[in-house]
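Asker: Sequence first, predicted model second:
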Amino acid sequence: MYAIPLGDDGAELRPLEPWHAEEFLAHLDRGREFVQTHIPFGAQATDVGSARALLQSYADKRAADTGSLHGVWLDGKLVGGVLVRIFDAAHGVCEVGCWLEPAATGRGLITRAMRVLIDWLVDERGVHRVEWQASSANQPSIAVARRLGMSRDGVLRQSYPYRGVRQDMEVWSVLAPEWRTARARAVHKDR
């Protein structure tokens, strides 16, 4: 369908679909403990069938226009992804998220992929508010929200139980006018 280059380092954003189940499972297995330090993403995908089921659930969300899943490939290898966990077209709001295996960290892949996704959400889908939620302990995720120019809306104290501990969840967001202004500033700065 599409392969969007994320720079000149061999990184691409592509659809992540049910037929990628084996590759997706191998990717999760390489980074499972790292990814699941703060988020349960992929915890139910423990074999090819359950990996396919997780990918199918996002294919179903895409078909219902309630979410989507996009992989990040580096030199042809799936290393992470970005997603629209919740999408509400009628209200112009969504929640985005990400995951990445440890070998691919520190390259700005998620920030670059998320910029492409937010551009599409704002420009093509008319989203007004893009939200990001992360455990206060998940500093890499919070750093991405900051790099994207999101504002910290607040903290939902002990709102999410994970691995036997109630997590403080930070809510970050960017509004469409803010996103467009920041993008225009970045384009002007590059000239």
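Answerer: Here it is on my side, so go on. Numbers count the residues shown, from 1 in each chain.
Asker: mind listing the strands for this protein?
Answerer: Under the criterion DSSP state E, strands of the chain are mapped to 4-5, 11-15, 68-74, 77-88, 93-100, 129-135, 151-162, 165-175.
Asker: Let's have those in CSV, adding distance to Asp47, mean neighbour count and mean pLDDT.
Answerer: Every C-beta, even on glycine, is put in place using the N, C-alpha and C of the backbone. Formatted as CSV, the strands of the chain follow (distance: least, C-beta to C-beta, whole Å; neighbours: other C-beta atoms under 10 Å; pLDDT from 0 to 100):
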stretch, distance to Asp47, mean neighbour count, mean pLDDT
strand 4-5, 30, 13, 94
strand 11-15, 22, 19, 96
strand 68-74, 19, 23, 97
strand 77-88, 17, 21, 96
strand 93-100, 19, 22, 96
strand 129-135, 27, 22, 96
strand 151-162, 23, 12, 93
strand 165-175, 28, 17, 95
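Asker: I'd like to know which of those strands lies nearest to Ala182.
Answerer: strand 165-175 (8.0 Å; C-beta to C-beta).
Asker: Let me have the strands of the chain in a markdown table, adding distance to Ala26 as columns.
Answerer: Shown next, in a markdown table, are the strands of the chain (distance: least, C-beta to C-beta, whole Å):
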| stretch | distance to Ala26 |
| --- | --- |
| strand 4-5 | 23 |
| strand 11-15 | 16 |
| strand 68-74 | 12 |
| strand 77-88 | 8 |
| strand 93-100 | 14 |
| strand 129-135 | 26 |
| strand 151-162 | 25 |
| strand 165-175 | 28 |
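Asker: Of all these, which one comes closest to Arg62?
Answerer: Closest to Arg62 of the strands of the chain, according to C-beta to C-beta: strand 68-74, at 4.7 Å.
Asker: what helices or strands is that closest one leaning on?
Answerer: strand 11-15, helix 48-64, strand 77-88, helix 109-123 (3 or more C-beta pairs under 8 Å, 6 or more residues apart in numbering; DSSP states H and E).
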